[in-house]
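Next come a sequence and a model predicted from it.
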Amino acid sequence: MATPTISLDRTDPYRPPTEHVRLQEDAPISWVQLADGRQMWVLTQHEDVRAMLADRRFSSDRRDPRHPSHQPYMGPDHRPGLIEMDAPDHTRVRRSVVGEFTVQKLAAWRPRIQEIVDASIDDMLAGPAETDLVQALSLPVPSAVIAELLGVPYADHDFFQDNSAEFVRAGATAEERGAAVGRLKAYIAELVQEKTKSPGEDLLSRQILAGTDPEEVVSLGFLLLIAGHETTANMISLSVATLLDRREHLAELRDNPERTVGAVEELLRYFTIAEIGAARLAIEDVEIGGVQIRAGEAVLGLTNTANRDPLVFPEPDELDFTRMARNHLAFGFGPHQCLGQNLARLELEIVLATLLRRIPTLRLAVPFTEIPFKEKGPNYGVYELKVAW
Amino acid sequence: MTFVVTQACVDVQDKSCTQVCPADCIYEGGRMMYINPDQCIDCGACEEVCPMSAIRFDADLTDPDLQFADFNADFFADMEAPKGARKLGKIDRDVPFVAALPRQAD
Ligand code: HEM
Ligand code: SF4
Ligand code: SF4
């Protein structure tokens, strides 16, 4: 039988790509060809994706050309970042930084994040009563937060944010994007040098003081910047678009603001935006869900369908802010589970609560179906979200 | 450095944490849970779901919870590399400090 090719097309913006859903129904573990021609195992069920992500025999090291996330520039000299490492290197680096991102530590950031969100909303309200929320709020908030977390001096915020914005700009060419990456990496390297001379009260300085290799600090700083910017922005935009489209959910949150935390968790599950977040290379033969996966084969866990698995989430296509399902895979699972998850939750919660409170008349300025959704991966989201009030 | 279960879990043990642990390393003792520091992979999933905020990162522990880093490790001292929390089920004993605590009212 010919290997089926699966596309990322969607018929409904609220559901995962149609062919992902079909695979989950018809062939929950299958060998498929992606739209770009690469072939791999695709896992669609919660139990299988979870088992795969928790199993060290599936590698995150992308230098091997057979890895599903391999990029041509990743030669043997490529220096892997945390997200591309396997144990024991991964364990060491993760241990050195996970303490920065605990719920307990991040609680101290709540007032500052609130100020950052309020400042963006002040700017929105000072301008015309119609704007693109992606540019006005979704992108600037996570970028400002991560800049402060890393200890980027205030005077450099504009440089930092402009280049971060260029890196994720929808129309940017590969060259433009590459140039922005180059400037950001050079900037972070310079910052690390300065902080080595005079450390401050920030994440990068603490890493330096703990004796981490400066190159590793640069690599970590850069990963934190890119991993948390567009992902969080997409979740902000999709969440706001959903609330403005489905007014009953908006009313629910307005009447029960204490449900915001549950709403954030449910929206994370519902959209599960990181579509290739669970790509691995089998480095040993492993059996998953009764299927034999051989060493050297690529594997993609579809967290988006796994998070709609009816065996785990009853009525999975219902958006239910009181569901309180904590075992979703929107942030991945296992050793690489999103390092910034608690920060993302905090940002989302503060943004949603503040936006609803401060702009109660907020509405979509284009019909929901005309919103340009990012359907081509690697993260689901929207390119633009015109709102008015 | 790993995550540690502290006193707030004693006599609660609702096990929200074990549902999300990818390493299956949160073991059920008599009156509280214990994280095996040799098996924890620092994913942080348990800290976030604990309704009692009982799970803490060891470097951030302060008195009186500081001693719980040792208590978690001590719990496994006499065990040969335990195979996984699910397989072992409830292990009906506690470290002496916890065993001596007065029962929490239900
Ligand atoms: C809603 C927003 C976010 C989503 C949906 C998301 C999703 C994910 C996913 C699925 C992974 C796992 C990748 C894998 O298993 O290979 C991951 C890893 C990671 N994320 Fe996030 N993320 C978000 C926000 C953030 C933020 C705000 C930060 C940082 C400030 C961040 C930093 C990281 C890092 C450093 C890793 C790699 C962790 C490791 O490999 O140990 N993320 N994220
Ligand atoms: S979630 Fe917290 S309170 Fe519940 S069993 Fe685990 S450590 Fe104890
Ligand atoms: S941090 Fe992760 S691996 Fe460690 S005990 Fe908690 S859930 Fe398990």
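Yep, it's here. Ligands and ions are numbered 1, 2, ... in the order given.

nearest spatial neighbour of A:Ala189, skipping sequence neighbours?
A:Val218 (5.0 Å; Cβ to Cβ, 6 or more residues apart in numbering or on different chains). Backbone N, C-alpha and C define where each C-beta goes, glycine included.

For the one you found, grab the count of nearby residues.
Applying other Cβ atoms under 10 Å in any protein chain shown, we find 23 residues neighbouring A:Val218.

From the chain's centroid, how far away is the helix or strand hosting it?
Using DSSP states H and E, A:Val218 maps to helix A:214-245. Helix A:214-245 sits 5 Å away from the centroid of its parent chain (Cα atoms, centre = their mean, to the nearest Å).

Show the subsequent helix or strand relative to that helix.
Next element after helix A:214-245 (DSSP H and E): helix A:247-255.

Where does pLDDT dip in the chain?
I went with chain A, as the question did not name one. By pLDDT under 70, the low-scoring segments of chain A are A:1-2, A:75.

switch to chain B, that's the one I care about
B:1, B:105-106.

Quick check: closest non-adjacent residue to A:Arg308.
A:Pro316 (3.9 Å).

Could you list which residues are in contact with whatever residue of chain A ends up closest to ligand 2?
At 10.0 Å from ligand 2, A:Arg326 is the closest residue in chain A, using Cβ to the nearest ligand atom. Under the criterion of Cβ atoms under 8 Å, 6 or more residues apart in numbering or on different chains, the neighbours of A:Arg326 are A:265, B:16, B:19-20, B:49.

Distance of the residue nearest to A:Arg308 relative to ligand 1?
According to Cβ to the nearest ligand atom, to the nearest Å, A:Pro316 stands 18 Å off from ligand 1.

how deep is that residue tucked in, by neighbour count?
Residues contacting A:Pro316 under the criterion other Cβ under 10 Å number 18.

would you say it is within a helix?
No - applying DSSP: H, G, I helix; E, B strand; the rest coil, one finds A:Pro316 to be coil, outside a helix.

pretty sure it is touching A:Thr305, no?
No - checked against Cβ atoms under 8 Å, the pair A:Pro316 and A:Thr305 is beyond contact range at 9.2 Å.

can you map out the strands along chain A?
A:5-6, A:29-34, A:39-43, A:58-59, A:130-132, A:279-282, A:286-288, A:291-293, A:298-301, A:363-364, A:373-374, A:381-382, A:386-388 (DSSP state E).

Deepest in the core, which of these is it.
Highest mean neighbour count of the strands of chain A: strand A:298-301, a mean of 25 (counted as mean count of other Cβ atoms under 10 Å in any protein chain shown).

check whether that one contacts ligand 1.
No - against ligand 1, strand A:298-301 shows no contacts by Cβ under 6 Å from any ligand atom, the least distance being 8.6 Å.

Which helix in chain B has the most residues?
Of all segments of type helix in chain B, defined using DSSP state H, the longest is helix B:68-75.

what packs against that one?
Counting contacts by 3 or more Cβ pairs under 8 Å, 6 or more residues apart in numbering or on different chains; DSSP states H and E, helix B:68-75 packs against strand B:3-5, strand B:33-35.

Tell me which of those is the most buried.
Each of these was scored by mean neighbour count; the highest is strand B:3-5, a mean of 27, by mean count of other Cβ under 10 Å.

And the next helix or strand past it?
Next in sequence after strand B:3-5, counting helices and strands by DSSP H and E, comes helix B:16-20.

what comes into contact with that following helix?
Residues contacting helix B:16-20 (Cβ under 8 Å, 6+ apart): A:326-327, B:5, B:24, B:26, B:28, B:33, B:45-46, B:49-51, B:55, B:85-86.

Show me the residue at the heart of the chain, geometrically.
Just going to use chain A. Ranked by distance to the mean C-alpha position of chain A (Cα atoms, centre = their mean), the top residue is A:Thr231 at 3.3 Å.

wrong chain, I was asking about chain B
B:Tyr34 (2.2 Å).

Can you pull up the residues of the stretch 1-150 of chain A that come close to chain B?
Counting by Cβ under 8 Å from any Cβ of the partner chain, the residues of the stretch 1-150 of chain A close to chain B are A:50, A:53-54, A:87, A:91, A:94-96, A:98-99, A:101-105.
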